[in-house]
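Participant: Here is a sequence together with a model predicted from it:
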Amino acid sequence: MLHPDRLFPSDPAARSIAKRLYHSIANLPILSPHGHTEARWFAENHPFADPASLFIQPDHYVFRMLYSQGVPLEHLGIGQKKIENPRAIWRIFAENYYLFRGTPTRIWLDYAFHELFGLEKPLNISTADLYFDTISAALATTEFLPRALYERFHIEVLATTDSPLDDLQYHRQLKNSGWKGRVLPTFRPDPVVDPDFEGFAANLATLGEQTRQDTTTWMGYLTALRAARERFRALGCTATDHGHPTAATADLDAQAAAKLFTCVLAGAASAADKELFRAQMLTEMAAMSLDDGLVMQLHPGSLRNHNTQLYQRLGRDKGADIPTRTDYVHALQPLLTRFGNERDLTIILFTLDESTYSRELAPLAGHYPCLKLGPAWWFHDSPEGMLRFRESVTETAGFYNTVGFNDDTRAFLSIPARHDVARRVDCAYLARLVADHRLEEDEAYEVAIDLTYRLAASAYRLTERP
Amino acid sequence: MLHPDRLFPSDPAARSIAKRLYHSIANLPILSPHGHTEARWFAENHPFADPASLFIQPDHYVFRMLYSQGVPLEHLGIGQKKIENPRAIWRIFAENYYLFRGTPTRIWLDYAFHELFGLEKPLNISTADLYFDTISAALATTEFLPRALYERFHIEVLATTDSPLDDLQYHRQLKNSGWKGRVLPTFRPDPVVDPDFEGFAANLATLGEQTRQDTTTWMGYLTALRAARERFRALGCTATDHGHPTAATADLDAQAAAKLFTCVLAGAASAADKELFRAQMLTEMAAMSLDDGLVMQLHPGSLRNHNTQLYQRLGRDKGADIPTRTDYVHALQPLLTRFGNERDLTIILFTLDESTYSRELAPLAGHYPCLKLGPAWWFHDSPEGMLRFRESVTETAGFYNTVGFNDDTRAFLSIPARHDVARRVDCAYLARLVADHRLEEDEAYEVAIDLTYRLAASAYRLTERP
Amino acid sequence: MLHPDRLFPSDPAARSIAKRLYHSIANLPILSPHGHTEARWFAENHPFADPASLFIQPDHYVFRMLYSQGVPLEHLGIGQKKIENPRAIWRIFAENYYLFRGTPTRIWLDYAFHELFGLEKPLNISTADLYFDTISAALATTEFLPRALYERFHIEVLATTDSPLDDLQYHRQLKNSGWKGRVLPTFRPDPVVDPDFEGFAANLATLGEQTRQDTTTWMGYLTALRAARERFRALGCTATDHGHPTAATADLDAQAAAKLFTCVLAGAASAADKELFRAQMLTEMAAMSLDDGLVMQLHPGSLRNHNTQLYQRLGRDKGADIPTRTDYVHALQPLLTRFGNERDLTIILFTLDESTYSRELAPLAGHYPCLKLGPAWWFHDSPEGMLRFRESVTETAGFYNTVGFNDDTRAFLSIPARHDVARRVDCAYLARLVADHRLEEDEAYEVAIDLTYRLAASAYRLTERP
């Protein structure tokens, strides 16, 4: 089911180069500096429940495809706290598994089925029960406890993504547990910097209580954010993450910013005011990063909850977040005018709008010292998507303004598969450069290590242990 | 002139897979669910006139290229009812045939010349007369009558595109003729839903007469549209088609819609009002489709008649329709908020803006049950264009949210060539997936049949005979 | 260091076709109809100073990459009139040369190092001095004087880019020198048609003095521009060049244009007025081109001097010009409505927004007689960029609505390397068409000559010697 040469070029000369490159880096440890796994899993180390709640319920790539073909989400346990009939869900999934042909989901899942559970036959309705039983049995063993899998996956760092209001109890528990796994929080301040976030005002009040600051004043609010960042940093956090609808930044003077804050807090802000506030907060975050060294990640451009009916019925993260056209050149200019030339600041840019790769992102990252490019993201975290990323940005930004791979997943069992795909695609790309005599093979070995390990380690400051 | 391995990857391993796949589907019948041939041809079954009026005069791909290189359109018979000197036109074409190097037009024409007329030498000025005489002689034979060609091309369904005011006399004639060919009308309501369409007000009056409805009232107008659709459906129509400048949709309440209709009908509408009216009408059409089962096709994004001088002199469809940047995510939201989750509705989206493939269209189709993606369209109906389509959409939307191929042509003789190109490119794409071990070869055979036949049959509801 | 098969497809069948095609055109003379070398170099024929001021100081591709990775521009001699320690700069460059892996800069530089200076070892910190000394020694010899290099490079035409206020003394000197090299000026009127250009009002005054026209009146201003164009034409100029922020054109009546001119000259113009003025001037330039035969080049879409701090400290052209989204379809319509059908006008369109290749530029150039497409530009003047250009435009616009290659460089020593890359990539593209049986090999040989030589010669009217 898993061919050893998968994802390598079919031309024999390029393929043999790709294989050599891949074998030189295949066993490097995994750095996962951006993702959505839960610290609780590793703190509690309880077994995963069942195949459906492990593979289907949390994976929007999986259930949105089934939904697009007419399977009601309720039939898949979506929106249920506890799945009642996981085997029935699994059978629906198995019956429709052919829908994933040609998608990265198929590659990730086949990898997990084969490498972790030893399954050799293709998944379909006739093998659905075999799969369900095999996986269920494995999940009950100690080898499949979260910590055991973390070690088996050869993970060196695993970053979670956390609300600034999170008490991080599981991260604290892990830090004190003596377990050698390194699970780090990431500071994702959207709930307290985005006025459109559910419960924004209440969140600010909570932030004030937690930090003993008066978050009804601009100065108190900023101080509270600094304190929250510090709390994260103390638990190993090296990065912040910002999921704004656009990449807009602003650089208001202190008085104007304070006035805008008051307006926003009073609930009197227009849509434009709210956008301006988010924009200003990115610049404020950059200022704080210059002080405390946290690396900024900017993930703009997703129109969240596009499907209103579904959102009203089942809430957010139901596979209906749709990318939109995104501008970076004008949007980032206010922040860059202030901080763009800072060599001690790192801002990692992501995009869902591939037309910006060569037009905006590579030229920006190929000039500004503070900017780096995150890997192909979300819908583009796929063989063709990654290849387009490399082909579009490398010639202008080079390799060294990129930051290695992010798996960005809450599907823990897909992590080794995702990193494996990234490593194979990078080696396939490098192999093409070598085969076309654009790069020497000895250099390609070095670059392969950079793309797999060193760029992530340095960009995310993972080697500077606190 | 036609190599059996054309359009297959040059790498021998991938090429041999592509050949195997292609041979398994090469002889499947042609489903042509969207195009611009004329029912009259098949109803009357008269011979085609001459090579110039068959290959040059109706084909904007051909004459716009010659025009771009300085050949006056009048020298090509464009704008003339009856061509006076077809041989002179043919010679100009032959002399400039090298201009089509690297274009799909060249591939389609060479296919027709070779496969249908047995011409072996390349077309140029020295073979112009040989071509003209050979083609002319063939057109005079019974083997080249429209119905004979339909059968020779192994067409199973051929859809035309028709005004809602068309009396469909030729479709009726065909239905009663006993001929086994299946030529279906498509309901294209632009003349009666687009206030910018020439003669809009008069068209509404005609619609009222035809349906015996008062089309000066909103309710009468909607009833008339329903009746017109029913008239089409009775003749086998399974789909509607909408050629709007943008993908904008709206969902006004009945009172606001009626008020807008009155304003539009009075000729008092601003450009924005007209755009809103078109937007509202897409949602109305979706509501009707839910009732009568017609599949919707949306073809937005062409700025028609860009060349004002030419339009004033020669009218529309003179090769001067130019694509524009198109938004789907915001534009479709009103319609999708109302009907997006309907499993019995099918809306097929096309685009001329390739940057939307991976950014907007694949994520939308990979989520909403009602959405499917039409094939690479118009300027992108070409080997590279089709390959970019597959590479950009498959990883997010899969194969099963696409609908197979459309030839979308009024150049009847190019139909087998166009389907052959699509089949070859799909097989080339599948072969690459197989060669890279992203798809098993046995699955690729199934997918090849899906892409060639089954997806079109089911998406366009061609197997549900009325 | 330079493999003879570099940039050719790795598939053996396609590679051997590419090699044959390349060998048939590799030795054709270089036509360089658009670039930024200086006539002074060839007029004075003085030796180039040192490796750093030759390869690093003038090349924004080089120093922006170093800057993006934290090297202060001042350490590279940027902003200094005379470099003080070129060897120290060279060492920084050598130490960081690995940053250019995968970029076209690396290909261009390796070509120059190997082909011109015979350097065989890779450049890095350990070979930095060897390189510096070897290059320095060579530059002191007569073989490396500008005219000798021009001849060695087999250049047939080399166009510079010049302000309309430039006295063109070096061009005159060259014309009278008896040297057979053909170095032509290009008329770049931005300083006198763009109200945002530094010193616009003063520039107009100077233009008035030079041409003895009253440039405070609209009519006098237009007459002065005509006179300036004539002065360029007399020295062999065949083209104008326009570096506007957008592709906007306008077609005001004479009275409105005169009024706008007065407003702009009075310094009373808003940003929109200035944009409208630039737009109007493109149409005025087209009118003049119809009279005097100069070919127009339009280079829109760069947001100049994005890095405000750097601009204030070091001025323009410091690697901080960033592409923006560009519209052509609406922007060009006013000009095209007036002149689009003129067969004696040539307007060559460039873009930094690759999403326009297939969506806007190829359809426009594939229709309008006056439009041609310039080659992949600036950030896209690279193997992948050129390939995307061909793949995106050829199927709609063909080869014959394109104009061959531009090196667009002030890095004189990179000219043969850049043309070599373009020739290799074109041959690689053609080889793929041949290998896939989309083009016959005998035709590919013809097209290769067209792309290398004939299209540039005819589009830029280089064979019509004045």
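Facilitator: Nice, I can see it. Everything quoted here is computed from the prediction, not taken from an experiment.

Participant: So, low pLDDT: which residues of chain A?
Facilitator: A:464-466 (pLDDT under 70).

Participant: Domain ranges for it, per the record?
Facilitator: A:47-144, A:149-459 (automatic domain parsing).

Participant: what about stretch A:376-386, near chain C?
Facilitator: No. Using CB under 8 Å from any CB of the partner chain, stretch A:376-386 stays clear of chain C, coming no nearer than 14.3 Å. For glycine as for every other residue, the C-beta is placed from the backbone atoms N, C-alpha and C.

Participant: ends of stretch A:353-361, how far apart?
Facilitator: Using CA to CA, to the nearest Å, one end of stretch A:353-361 lies 10 Å from the other.

Participant: should've said stretch A:76-89
Facilitator: 5 Å.

Participant: now swap in stretch A:303-314 and tell me
Facilitator: End-to-end distance of stretch A:303-314 (CA to CA): 17 Å.

Participant: Measure how far that stretch is from the centre of its chain, please.
Facilitator: Relative to its parent chain, stretch A:303-314 has a centroid offset of 21 Å by CA atoms, centre = their mean, to the nearest Å.

Participant: Please point out which parts of that stretch sit buried.
Facilitator: A:303, A:305-308, A:310, A:314 (16 or more other CB atoms under 10 Å in any protein chain shown).

Participant: So which of these is the closest to chain B?
Facilitator: The closest of the buried residues of stretch A:303-314 to chain B turns out to be A:Thr308 (CB to the nearest CB; 4.7 Å).

Participant: got a list of what the closest one touches?
Facilitator: Applying CB atoms under 8 Å, 6 or more residues apart in numbering or on different chains to A:Thr308 gives the contacts B:Thr337.

Participant: if I look at it, how far off is A:His244?
Facilitator: 21 Å (CB to CB, to the nearest Å).

Participant: what do you get for A:Phe48?
Facilitator: Distance from A:Phe48 to A:His244, by CB to CB: 33 Å.

Participant: coming back round to it: out of the domains of chain A, indicate the one that is most buried.
Facilitator: domain A:149-459 (a mean of 21; mean count of other CB atoms under 10 Å in any protein chain shown).

Participant: Run the chain-centre distance for that domain.
Facilitator: The answer for domain A:149-459 is 8 Å, by CA atoms, centre = their mean.

Participant: tell me how far the ends of it are from each other?
Facilitator: 26 Å.

Participant: how about the spatially most central residue of chain A, what does it touch?
Facilitator: By CA atoms, centre = their mean, the mean C-alpha position of chain A lies nearest to A:Asp408, the distance being 2.4 Å. Listed by CB under 8 Å, 6+ apart, the contact set of A:Asp408 reads A:34-36, A:377-378, A:381.

Participant: ditto for A:Pro12
Facilitator: A:Pro12 makes contacts with B:Ala13, as judged by CB under 8 Å, 6+ apart.

Participant: Check chain A for me, the residue farthest from its geometric middle.
Facilitator: In chain A, the residue most distant from the centre (CA atoms, centre = their mean) is A:Gln255, at 35.3 Å.

Participant: So that one lies in a strand, does it not?
Facilitator: No. Counting by DSSP: H, G, I helix; E, B strand; the rest coil, A:Gln255 is not part of a strand but helix.

Participant: What distance do you get for A:Pro47 to chain B?
Facilitator: Look at A:Pro47 and chain B: by CB to the nearest CB, to the nearest Å, they are 32 Å apart.

Participant: Pretty sure that residue sits against A:Leu145.
Facilitator: Yes. Counting by CB atoms under 8 Å, A:Leu145 is a contact partner of A:Pro47 at 6.0 Å.

Participant: before we move on, back to that, can you put the contacts of A:Asp408 in TSV and add secondary structure?
Facilitator: What follows is those, written out as TSV (three-state DSSP):
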residue	secondary structure
A:His34	coil
A:Gly35	coil
A:His36	coil
A:Trp377	coil
A:Trp378	helix
A:Asp381	coil
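
Participant: Mind putting those into JSON lines with distance to B:His330?
Facilitator: Formatted as JSON lines, the contacts of A:Asp408 follow (distance: CB to CB, whole Å):
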{"residue": "A:His34", "distance to B:His330": "28"}
{"residue": "A:Gly35", "distance to B:His330": "30"}
{"residue": "A:His36", "distance to B:His330": "27"}
{"residue": "A:Trp377", "distance to B:His330": "21"}
{"residue": "A:Trp378", "distance to B:His330": "19"}
{"residue": "A:Asp381", "distance to B:His330": "24"}
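
Participant: and the residue nearest to A:Met65 when sequence neighbours are not counted, which of the three is it?
Facilitator: Of all residues not flanking A:Met65 in the chain, A:Leu99 sits nearest, at 5.5 Å (CB to CB, 6 or more residues apart in numbering or on different chains). The local conformation at A:Leu99, judged by three-state DSSP, is helix.

Participant: Report the contact partners of A:Leu99.
Facilitator: By CB under 8 Å, 6+ apart, the residues touching A:Leu99 are A:65-66, A:69, B:398, B:400.
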